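> the following comprises the amino acid sequence and a computationally predicted model.
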Amino acid sequence: MIELKIYNEFHNVAVPVCMWSKKKNKFEEIIALFDTGAHTSSIDIELFFKLGYNLNEATNSAISTATRTYEKVHKVVIDRMMLDNTEINSVLFNTYEFPLVMRPVIIGMNIIRNFEVNMNFKKKLITMSENYLAPDDYYNADIFGDWRADIKN
């Protein structure tokens, strides 16, 4: 069971996550936006580079945003991340600049949909338990960029 404290600053739902730093060879805690409206998780390009990653294996793509604009992005893989004490490996992220977002990481549905999620705003707590989906329940990664998260307890 994953338990994430909700930080509802800036009228958004934010949670602590740990992202793997290749540069420091350890996890770094970051407050991320928990966004059920985001199809794929995203990371700010500056943070991506700061964590020691590069764009050598990135795929160029474009996404539409909530404001219906199209943005050029790079599809990248973060080696490891942690939600509470649960490690997730090889996580797909879009990386680009976030001019209006207060958080450098957005946790999107490619991660969230792997879990049964309960959001308790009174307790300021999100609890998540694994929700194993059948292979047919996953979209084609080439079309949607949606990968099954590799979850390890």
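Thanks, I have it. Bear in mind that the values here come from a model prediction, so they are computed numbers and not experimental data.
> go ahead and confirm residue 108 touches residue 32.
No. With contact defined as Cβ atoms under 8 Å, residue 108 does not count as touching residue 32 (10.0 Å). In short, each C-beta sits where N, CA and C put it, glycine included.
> which one of the two is surrounded by more residues?
Using other Cβ atoms under 10 Å as the criterion, residue 108 and residue 32 rank with residue 32 on top: 26 against 22.
> any idea of the pLDDT on the nearest residue to that one once chain neighbours are set aside?
Of all residues not flanking residue 32 in the chain, residue 105 sits nearest, at 3.8 Å (Cβ to Cβ, 6 or more residues apart in numbering). Note on residue 105: pLDDT of 94.
> ok, now which ones touch residue 105?
Counting by Cβ atoms under 8 Å, 6 or more residues apart in numbering, residue 105 touches 17, 19, 30, 32, 33, 41, 42, 43, 44, 47.
> specify the local secondary structure of the third one.
Think residue 30. Three-state call for residue 30 (DSSP: H, G, I helix; E, B strand; the rest coil): strand.
> pull the number of nearby residues for it.
19.
> doesn't residue 47 make contact with it?
Yes. Contact criterion Cβ under 8 Å: residue 30 and residue 47 qualify, at 7.4 Å.
> what's the overlap in contacts for these two?
The contact sets of residue 30 and residue 47 overlap at 19, 104, 105 (Cβ under 8 Å, 6+ apart).
> what is the host helix or strand of the first one packed up against?
Spelled out, it's residue 19. According to DSSP states H and E, residue 19 maps onto strand 14-21. Judged by 3 or more Cβ pairs under 8 Å, 6 or more residues apart in numbering; DSSP states H and E, the packing partners of strand 14-21 are strand 2-5, strand 26-34, strand 70-83, strand 105-107.
> can you rerun that using 10 Å?
strand 2-5, strand 26-34, helix 45-50, strand 70-83, strand 86-96, strand 105-107, strand 125-130 (3 or more Cβ pairs under 10 Å, 6 or more residues apart in numbering; DSSP states H and E).
> can I get it in CSV, CA atoms only?
Provided in CSV are the C-alpha atoms of strand 14-21 (Å, rounded to 0.1, in the frame of the first residue of the first chain):
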residue,chain,number,x,y,z
ALA,A,14,0.9,17.6,-5.2
VAL,A,15,2.6,14.6,-3.7
PRO,A,16,6.2,13.7,-2.7
VAL,A,17,8.0,11.4,-5.1
CYS,A,18,11.6,10.2,-5.3
MET,A,19,13.3,10.4,-8.7
TRP,A,20,16.5,8.4,-9.4
SER,A,21,19.6,10.7,-9.9
